[in-house]
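J.: only geometry, no sequence info:
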């Protein structure tokens, strides 16, 4: 699944809060205590000092950064080119259809206005589901669904 | 455990292999992997392009969006081309009294203006901040935990006597998410929070602001469903409700809904694909 629940540790927020909490002070008004902790976590923690790079290490770092950006650029360009090519093929196909068959062309022009992707669409995950594939899946009957046409 | 291991490793490393980014947190490291973004580019974008194709609104090919085949075809074709009509500028053909903002005209379609998620805005107004500034802290901390981004405090711009609001008073918190953080937040929402909402079956099919952006409001109980807040739930003095606005580059509500449904955002009463 997603990255957040991967680690079994305490959440980062909880870690920060526990670190900032006063070690051995008697609680004086629960809300005030918590606000004090929150204030400390948000505003009084010093910013982490990033180590400065010099010379060869800096060059290495910058090269890697540039290489990554270049890679992303190339990916984006190839994606855009591919999509544009497919779009133009669609347009050419529609133009051909217009010349070929009037009835089919009119049917092809019609499009459903309020469609959505199906709810069962699965966004690919890094690892398979721990439950495996659900062979007994039945689409839920939506109690609040409007009357079907 | 993992943090301590990383710390000891970096101590052993020699000086000239110092890095200028922090490895302190595995969860926020930039490894370039972005599940929802990849899903969009691999699966959603192409389907979106096909589903939103409108033959009467096709932009003629340009050098910028170069598909050389079609450009050449256009140039070499014998038939006289109709004059290229691009979508006119809004200011030229529409006016509104009082200089009010004009509704944008959807540009003609091509392979590069497919609807995409631009940004997500998470916003919480804290009414209790009117009588005590401290109440903002809880919402500030909550939004920071949820979105992994520093929120900005919203200052009132006008005074409203009925609500005892004065100009300059901090009254809310807002986070604008783009890129990696945006996709991560949407991932959390769709996989963890939305399925756990009580008696909620999906966004209505009428949702949308007319320009392809969709908003949803959450009650305070929804805050406790986020994994970051779930663990330290009792450390927040006041749970606030918040709203989430998905800003897309879609120009119609239908396109915006189609885009969001591609990310598994549920819509109530959506028409299922007809089976023959």
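T.: Structure's in. What do you need? A quick note: this is a predicted structure, and the numbers were derived from the prediction, not measured.

J.: Now do the helices in the stretch 1-150 of chain B.
T.: Along the stretch 1-150 of chain B, counting by DSSP state H, counting those that start in this stretch, helices occupy B:2-12, B:35-39, B:45-51, B:68-76, B:90-93, B:135-147.

J.: what does the average pLDDT come to for the lengthiest helix in chain A?
T.: Ordering each helix of chain A by length in residues (DSSP state H) puts helix A:55-100 first. For helix A:55-100, mean pLDDT rounds to 94.

J.: Off-centre distance for that helix?
T.: 20 Å (C-alpha atoms, centre = their mean, to the nearest Å).

J.: before we move on, the earlier item: mean pLDDT for the helices of the stretch 1-150 of chain B: which is lowest?
T.: When the helices of the stretch 1-150 of chain B are compared by mean pLDDT, helix B:2-12 comes last with a mean of 43.

J.: Identify the residue nearest the residue of the stretch 1-150 of chain B found nearest chain A in space, chain neighbours excluded?
T.: In the stretch 1-150 of chain B, the residue that lies nearest chain A is residue B:111 (3.3 Å; C-beta to the nearest C-beta). For glycine as for every other residue, the C-beta is placed from the backbone atoms N, C-alpha and C. Excluding its sequence neighbours, the residue lying closest to residue B:111 (C-beta to C-beta, 6 or more residues apart in numbering or on different chains) is residue A:84, at 3.3 Å.

J.: The one you found reaches residue B:112, doesn't it?
T.: Yes. Judged on C-beta atoms under 8 Å, residue A:84 makes contact with residue B:112 at a distance of 6.3 Å.

J.: of the two, who's got more company?
T.: For residue A:84 versus residue B:112, neighbours defined as other C-beta atoms under 10 Å in any protein chain shown are more numerous around residue A:84 (20 against 16).

J.: Report the contact partners of that one.
T.: B:61, B:65-67, B:110-112 (C-beta atoms under 8 Å, 6 or more residues apart in numbering or on different chains).

J.: residue nearest the centroid of chain B?
T.: residue B:120 (2.8 Å; C-alpha atoms, centre = their mean).

J.: what pLDDT does that residue get?
T.: Reported pLDDT for residue B:120: 98.

J.: That one reaches residue B:180, doesn't it?
T.: No. The criterion here is C-beta under 8 Å, and residue B:120 misses it with residue B:180 at 11.9 Å.

J.: How about the residues of the stretch 151-276 of chain B by chain A?
T.: Within the stretch 151-276 of chain B, the positions lying close to chain A (C-beta under 8 Å from any C-beta of the partner chain) are B:184, B:187-188, B:190-192, B:201, B:205, B:227-232, B:235-237, B:254, B:257-258, B:261-264, B:266-273.

J.: Please type out the PyMOL selection for whichever of those turn out to be buried.
T.: Buried members of those, defined by 16 or more other C-beta atoms under 10 Å in any protein chain shown, are picked up in PyMOL with:
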select buried, chain B and resi 184+187+188+190+191+192+205+227+228+229+231+232+235+236+237+254+257+258+261+262+263+264+266+267+269+270+271
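
J.: from the residues of the stretch 151-276 of chain B next to chain A, which ones fall inside helices?
T.: Using DSSP H, those in helices are B:184, B:187-188, B:227-231, B:254, B:257-258, B:261.

J.: Which pair of those residues spans the longest distance?
T.: B:231 and B:254 (39.2 Å; C-beta to C-beta).

J.: circling back to that earlier point, quick check: angle from the longest helix of chain A to helix B:68-76?
T.: 50 degrees (axes from the mean of the first three to the mean of the last three C-alpha atoms, to 10 degrees).

J.: Would you tell me what the next helix or strand after helix A:55-100 is?
T.: Tracing the chain past helix A:55-100, the next element assigned as helix or strand by DSSP states H and E is helix A:102-109.

J.: buried stuff in that following helix?
T.: Result for helix A:102-109 [16+ other C-beta under 10 Å]: buried residues residue A:105.

J.: now swap in stretch A:52-62 and tell me
T.: A:53, A:57.

J.: what do you get for stretch B:40-47?
T.: B:40-41, B:43-46.

J.: restrict those to those near chain A?
T.: B:41, B:43-46.

J.: which residues of the stretch 101-250 of chain B fall in strands?
T.: Secondary structure of the stretch 101-250 of chain B (DSSP state E, counting those that start in this stretch): strands at B:117-125, B:152-155, B:170-177, B:203-204, B:214-218, B:242-248.

J.: Just the residues contacting the fourth one, thanks.
T.: Applying C-beta under 8 Å, 6+ apart, the set of residues contacting strand B:203-204 from outside is B:214, B:216, B:257, B:260, B:265-269.

J.: Could you check how many residues crowd around the nearest residue to residue B:53 once chain neighbours are set aside?
T.: Distance criterion C-beta to C-beta, 6+ apart; nearest residue to residue B:53, sequence neighbours excluded, is residue A:90 at 5.9 Å. Other residues lying near residue A:90 total 16 when counted by other C-beta under 10 Å.

J.: Does residue A:90 touch residue B:50 like I think?
T.: Yes. The criterion here is C-beta under 8 Å, and residue A:90 meets it with residue B:50 at 7.1 Å.

J.: What's the separation between residue A:95 and residue A:134?
T.: For residue A:95, the distance to residue A:134 equals 44 Å [C-beta to C-beta, to the nearest Å].

J.: of those two, who's got more company?
T.: residue A:95 (13 against 8).

J.: ok, residue A:61 touching residue A:53?
T.: Yes. In this structure, residue A:61 is within contact of residue A:53 by C-beta under 8 Å, at 5.6 Å.

J.: okay, now residue A:72: neighbour count?
T.: 11.

J.: Likewise for residue A:120?
T.: 9.

J.: Could I get the phi/psi values of it?
T.: phi -80, psi 0 (degrees, to the nearest 10).

J.: who's in contact with it?
T.: Counted by C-beta under 8 Å, 6+ apart, residue A:120 has contacts A:137, A:139.
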